[in-house]
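Undergrad: Have a look; sequence and predicted model below, questions after that.
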Amino acid sequence: MATATKTKSMVAEELAAAELIDTHCHLDFPDYQADLEQVVKRAAQAGVRQMITVGIDLASSRKGVELAEQWPGVFATVGVHPHHVNEIGPDDYQALQELGRHPRVVAYGEIGLDYVKEYSPAPLQREHFAHQVAIARQLELPLVIHDREAHADTLAILREAGELPAGGVMHCFSGDAALAEEVLAMGFYVSIPGVVTFKSAATLWEAVRMVPLERLLLETDAPFLAPVPLRGKRNEPAYLAHIAAKVAELKGCAPAAVARQTTANARRLFNLR
């Protein structure tokens, strides 16, 4: 028991001394209203030097940009989540395009399809997804893709859009190794959330083992999906170290190697400095 504890402690120290990037979190959510400054500080102490706070509608996108202006290590995305496309209109999209030109905005998303909750009708989701892919192309921003139980339609819309020079990432990857291969073939990155630490995540483990480390990103999706051993608690960027440690275990490499490569990947895709 002492050896296991020591090993976990050593891994935590190694990652804290490295440099990690949380490529997907939601710092604008009410969950952090009372202690955001402490959340950002804890992230830095855990080795998470940069974070990307992700927009889900116009208000969230605006708030994300405000936070990115406030915190040097925070960047933002803009976009409309599939849950909210039934609330959006042409004027909102015009505002999002203007916001997308802000220097602290590094991607367009989170956009895509969600056939699990289907808060917006599936045909409307597809229409808005295709429209937002076109906006991202105009802005020359990479895409942040949300895909839940909509793999075939998500890939079909992306293929129909043609070449996307800025690329993108399949956020919170929920598919198998075969889907990961298709995503990689399109030039996209695969982003790994805290789900990878769950005992039930054998399918995701196979995908992580298959995807080259050069094409992996790490994310918390905070405040959701806290990793083991914090499952059930409010998630936050500091917990990214647990995800990095599990990916290192699955890849059979040092946690610091995972930190270095995924950080380089994130900087390349999102043009971070």
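TA: Cool, got the structure. Residues are numbered from 1 along each chain as shown.
Undergrad: Can you show me the strands along the stretch 151-273 of the chain?
TA: According to DSSP state E, counting those that start in this stretch, the stretch 151-273 of the chain carries its strands in the segments 168-170, 189-192, 216-218.
Undergrad: out of those, nearest to Val65?
TA: Val65 sits nearest to strand 168-170 of all these, at 19.5 Å, using CB to CB. Quick note: C-beta positions are derived from backbone N, CA and C, even for glycine.
Undergrad: pLDDT (mean, whole number) over the closest one?
TA: Regarding strand 168-170, the rounded mean pLDDT is 98.
Undergrad: which helices and strands sit right next to that strand?
TA: Where contact means 3 or more CB pairs under 8 Å, 6 or more residues apart in numbering; DSSP states H and E, strand 168-170 is packed against strand 105-114, strand 143-148, strand 189-192.
Undergrad: Out of these, which gets nearest to Val11?
TA: Among these, strand 189-192 sits nearest to Val11 (CB to CB), with 16.5 Å.
Undergrad: Next, give phi and psi for the residue nearest to Leu113 when sequence neighbours are not counted.
TA: Nearest residue to Leu113, sequence neighbours excluded (CB to CB, 6 or more residues apart in numbering): Ala150, at 3.6 Å. In terms of degrees, to the nearest 10, the main-chain angles of Ala150 are phi -140, psi 30.
Undergrad: again with Thr220
TA: The phi and psi values for Thr220, taken as degrees, to the nearest 10, are phi -100, psi -30.
Undergrad: List the contacts of it.
TA: By CB atoms under 8 Å, 6 or more residues apart in numbering, the contact list for Thr220 reads 22, 24-25, 193-194, 226-227, 235-237, 239-240, 243.
Undergrad: any idea how far the residue nearest to Arg260 when sequence neighbours are not counted is from Ile135?
TA: The spatial neighbour of Arg260 that comes closest, neighbours along the chain excluded (CB to CB, 6+ apart), is Ala18 at 6.7 Å. According to CB to CB, to the nearest Å, Ala18 stands 35 Å off from Ile135.
Undergrad: who does the helix or strand encompassing Arg49 touch, helix- and strand-wise?
TA: With secondary structure defined by DSSP states H and E, Arg49 is part of strand 48-53. Strand 48-53 sits against strand 20-25, helix 58-70, strand 74-78, helix 255-270, with contacts defined as 3+ CB pairs under 8 Å, 6+ apart.
Undergrad: circling back to that earlier point, so the residue nearest to Leu113 sits against Phe129, correct?
TA: No - judged on CB atoms under 8 Å, Ala150 makes no contact with Phe129 at a distance of 9.2 Å.
Undergrad: Those two: who's more crowded?
TA: Phe129 (26 against 22; other CB atoms under 10 Å).
Undergrad: Buried ones in stretch 144-152, by neighbour count?
TA: Buried residues in stretch 144-152, defined by neighbour count with 16 or more other CB atoms under 10 Å: 144-148, 150-151.
Undergrad: and which of those is nearest Arg267?
TA: Val144 (15.6 Å).
Undergrad: do you know how far that closest one is from Gly109?
TA: For Val144 relative to Gly109 (CB to CB), the value is 3 Å.
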